[in-house]
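1. just the structure for this:
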Amino acid sequence: MFGIPGKQAVTMTPAAVHQITKLMERDGHQGLRIGVKKGGCAGMEYTMDYVTEVDANDEVVEQDGARVMIAPMAQMFLFGTEIDYETSLLESSFRFRNPNVADACGCGESIKFKDVEELAAERDS
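-> Now for the predicted structure:
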(Lines give C-alpha, C1' and ligand atoms only; values in the text may rest on other atoms or scores of the structure.)
Protein backbone atom coordinates (compact mmCIF):
# COMPACT_ATOMS: atom_id res chain seq x y z
CA MET A 1 0.00 0.00 0.00
CA PHE A 2 1.26 3.43 -0.94
CA GLY A 3 0.61 6.41 1.28
CA ILE A 4 1.09 7.91 4.68
CA PRO A 5 0.12 5.81 7.71
CA GLY A 6 -3.12 7.02 9.30
CA LYS A 7 -4.14 9.10 6.27
CA GLN A 8 -6.73 7.93 3.75
CA ALA A 9 -5.55 7.83 0.15
CA VAL A 10 -8.65 9.66 -1.09
CA THR A 11 -11.51 11.61 0.45
CA MET A 12 -15.09 12.02 -0.73
CA THR A 13 -17.38 15.03 -0.59
CA PRO A 14 -20.87 14.51 0.89
CA ALA A 15 -22.29 14.47 -2.66
CA ALA A 16 -19.88 11.69 -3.70
CA VAL A 17 -20.62 9.72 -0.52
CA HIS A 18 -24.36 10.00 -1.21
CA GLN A 19 -24.02 8.85 -4.84
CA ILE A 20 -21.66 5.96 -4.09
CA THR A 21 -23.86 4.77 -1.21
CA LYS A 22 -26.92 4.96 -3.45
CA LEU A 23 -25.18 2.88 -6.13
CA MET A 24 -24.04 0.32 -3.56
CA GLU A 25 -27.55 -0.06 -2.11
CA ARG A 26 -29.34 -0.13 -5.46
CA ASP A 27 -27.14 -2.68 -7.17
CA GLY A 28 -25.77 -4.63 -4.20
CA HIS A 29 -22.14 -3.88 -5.05
CA GLN A 30 -19.30 -3.73 -2.52
CA GLY A 31 -18.35 -0.26 -3.80
CA LEU A 32 -16.49 1.33 -6.71
CA ARG A 33 -12.94 0.53 -7.84
CA ILE A 34 -11.01 3.57 -9.03
CA GLY A 35 -8.01 3.29 -11.29
CA VAL A 36 -6.13 4.96 -14.09
CA LYS A 37 -5.31 3.77 -17.59
CA LYS A 38 -3.42 5.06 -20.59
CA GLY A 39 -5.60 6.99 -22.98
CA GLY A 40 -7.02 10.33 -23.94
CA CYS A 41 -5.24 13.35 -25.38
CA ALA A 42 -3.31 14.13 -22.16
CA GLY A 43 -2.08 10.54 -21.68
CA MET A 44 -4.15 9.02 -18.82
CA GLU A 45 -7.79 8.58 -17.88
CA TYR A 46 -9.59 7.68 -14.66
CA THR A 47 -11.54 4.43 -14.54
CA MET A 48 -14.44 3.49 -12.27
CA ASP A 49 -15.95 0.02 -12.05
CA TYR A 50 -18.48 -1.68 -9.81
CA VAL A 51 -16.91 -4.08 -7.32
CA THR A 52 -18.53 -7.40 -6.49
CA GLU A 53 -15.46 -8.74 -4.66
CA VAL A 54 -12.71 -6.77 -2.95
CA ASP A 55 -9.25 -7.63 -4.26
CA ALA A 56 -6.66 -8.21 -1.54
CA ASN A 57 -4.30 -5.72 -3.26
CA ASP A 58 -6.85 -2.89 -3.41
CA GLU A 59 -6.63 -0.06 -0.91
CA VAL A 60 -10.10 0.23 0.62
CA VAL A 61 -11.36 3.64 1.67
CA GLU A 62 -14.63 3.87 3.59
CA GLN A 63 -16.35 7.10 4.47
CA ASP A 64 -19.85 7.42 5.95
CA GLY A 65 -21.01 4.14 4.38
CA ALA A 66 -19.47 4.74 0.94
CA ARG A 67 -16.64 2.45 -0.12
CA VAL A 68 -14.07 2.90 -2.88
CA MET A 69 -11.25 0.56 -3.74
CA ILE A 70 -8.11 1.90 -5.32
CA ALA A 71 -6.45 -0.42 -7.81
CA PRO A 72 -2.80 -1.18 -6.92
CA MET A 73 -1.29 0.52 -9.98
CA ALA A 74 -3.30 3.71 -9.31
CA GLN A 75 -2.55 4.18 -5.61
CA MET A 76 0.45 6.48 -6.02
CA PHE A 77 -1.36 8.61 -8.63
CA LEU A 78 -4.55 9.05 -6.61
CA PHE A 79 -3.11 9.78 -3.16
CA GLY A 80 -4.56 13.04 -1.85
CA THR A 81 -7.46 13.09 -4.33
CA GLU A 82 -10.90 14.41 -3.40
CA ILE A 83 -13.78 12.68 -5.17
CA ASP A 84 -16.87 14.80 -5.80
CA TYR A 85 -20.17 14.22 -7.58
CA GLU A 86 -21.57 17.15 -9.54
CA THR A 87 -24.96 17.57 -11.13
CA SER A 88 -25.79 20.18 -13.77
CA LEU A 89 -28.63 20.68 -16.24
CA LEU A 90 -26.89 18.55 -18.86
CA GLU A 91 -24.92 15.94 -16.93
CA SER A 92 -24.08 14.32 -13.64
CA SER A 93 -20.65 12.85 -13.03
CA PHE A 94 -17.89 12.11 -10.59
CA ARG A 95 -15.08 14.68 -10.49
CA PHE A 96 -11.57 14.16 -9.20
CA ARG A 97 -9.60 16.97 -7.54
CA ASN A 98 -6.17 15.44 -7.72
CA PRO A 99 -3.02 17.27 -6.55
CA ASN A 100 -0.87 14.83 -8.56
CA VAL A 101 -2.14 16.05 -11.94
CA ALA A 102 0.32 18.15 -13.90
CA ASP A 103 -1.96 18.89 -16.87
CA ALA A 104 -5.43 18.10 -18.21
CA CYS A 105 -7.06 18.27 -21.61
CA GLY A 106 -9.70 20.88 -22.41
CA CYS A 107 -12.63 18.52 -21.87
CA GLY A 108 -11.29 17.40 -18.47
CA GLU A 109 -11.56 13.69 -19.31
CA SER A 110 -7.85 13.11 -19.79
CA ILE A 111 -4.97 13.95 -17.44
CA LYS A 112 -1.20 13.94 -17.21
CA PHE A 113 0.46 13.11 -13.90
CA LYS A 114 3.61 14.53 -12.40
CA ASP A 115 6.71 12.34 -12.78
CA VAL A 116 6.94 9.37 -10.41
CA GLU A 117 10.12 10.77 -8.83
CA GLU A 118 8.38 14.10 -8.21
CA LEU A 119 5.39 12.38 -6.59
CA ALA A 120 7.67 10.35 -4.32
CA ALA A 121 9.67 13.43 -3.31
CA GLU A 122 6.49 15.36 -2.40
CA ARG A 123 5.28 12.51 -0.17
CA ASP A 124 8.63 12.16 1.56
CA SER A 125 8.85 15.88 2.43
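
2. ok, the one residue sitting closest to the centre of the chain to residue 89 distance?
-> When CA atoms, centre = their mean is applied to the chain, the residue found nearest the centroid is residue 34 (4.8 Å). Remark: distance between residue 34 and residue 89 (CB to CB, to the nearest Å) = 26 Å. From N, CA and C alone the C-beta is placed, and that goes for glycine too.

3. over to residue 11?
-> From residue 11 to residue 89 the distance is 27 Å (CB to CB).

4. give me the more crowded residue out of the two.
-> For the pair residue 11 and residue 89, the greater number of neighbours falls to residue 11 (16 against 4), based on other CB atoms under 10 Å.

5. helix, strand or coil for that one?
-> strand (DSSP: H, G, I helix; E, B strand; the rest coil).

6. hmm, it is touching residue 63, no?
-> Yes: counting by CB atoms under 8 Å, residue 63 is a contact partner of residue 11 at 6.9 Å.

7. tell me the contacts of the closest residue to residue 71 other than its chain neighbours?
-> Spatial nearest neighbour of residue 71, chain neighbours left out: residue 35 (3.7 Å); criterion: CB to CB, 6 or more residues apart in numbering. Counting by CB atoms under 8 Å, 6 or more residues apart in numbering, residue 35 touches 46-49, 70-71, 73-74.
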